[in-house]
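Colleague: Structure for the following, please:
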Amino acid sequence: MPAQLDHTIMHSTDRFASARFLTALLGAPEPEEFGPFATVPLANGVTVDYADSIVDSDHIIMQHLAFLVSEEEFDQIHGRIVERGLPYWGGPHHQEPQEINHRHHGRGVYVDDPDGHALEFLTHPYVVDE
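Modeller: Okay, here's the model as predicted:
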């Protein structure tokens, strides 16, 4: 059986603030507390577990999470990003400000969470041969 991702841990300055940022964009329920984590369950059984970092915010290393969503979910997420006045980009390195991209036969957008982690929302998996 191939391995499956079960969970990932994201370091944050405030675990619930970061988890709520993500759930608010996803339109998902309130994060759950599980031991030292604020947990965000995803549709495929994977959880994103936010932990309060033991280092200060200047030493949190940026991570990138990409979420595959439907076209309808993308419209809702993009709407929430715009409604909140958040900066967003069409490219992963903060290029194409306030734009979405249309690469890989779908749409994509990038936004930073409160600790600078990159959150990507895309409607179609990457096509490697392009």
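
Colleague: Point out where this structure drops to low pLDDT.
Modeller: Across the chain, the ranges flagged by pLDDT under 70 are 55-57, 129-130.

Colleague: Okay, helices next: where are they in it?
Modeller: Per DSSP state H, the chain carries helices over the ranges 15-26, 71-83.

Colleague: Could you look over these and pick the most buried one?
Modeller: Compared across the helices of the chain, helix 15-26 shows the largest average neighbour count, a mean of 20 (mean count of other C-beta atoms under 10 Å). Every residue, glycine included, has its C-beta placed from N, CA and C.

Colleague: what angle separates that helix from helix 71-83?
Modeller: 120 degrees (axes from the mean of the first three to the mean of the last three C-alpha atoms, to 10 degrees).

Colleague: Convert helix 15-26 to CSV, retaining C-alpha atoms only.
Modeller: Provided in CSV are the C-alpha atoms of helix 15-26 (Å, rounded to 0.1, in the frame of the first residue of the first chain):
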residue,chain,number,x,y,z
ARG,A,15,-2.1,28.1,17.0
PHE,A,16,-5.8,29.0,17.1
ALA,A,17,-5.4,32.3,15.3
SER,A,18,-3.6,30.6,12.4
ALA,A,19,-6.0,27.6,12.4
ARG,A,20,-9.0,30.0,12.4
PHE,A,21,-7.4,32.0,9.5
LEU,A,22,-7.4,28.8,7.4
THR,A,23,-10.8,27.6,8.5
ALA,A,24,-12.3,31.1,7.7
LEU,A,25,-10.9,31.0,4.2
LEU,A,26,-12.1,27.4,3.7
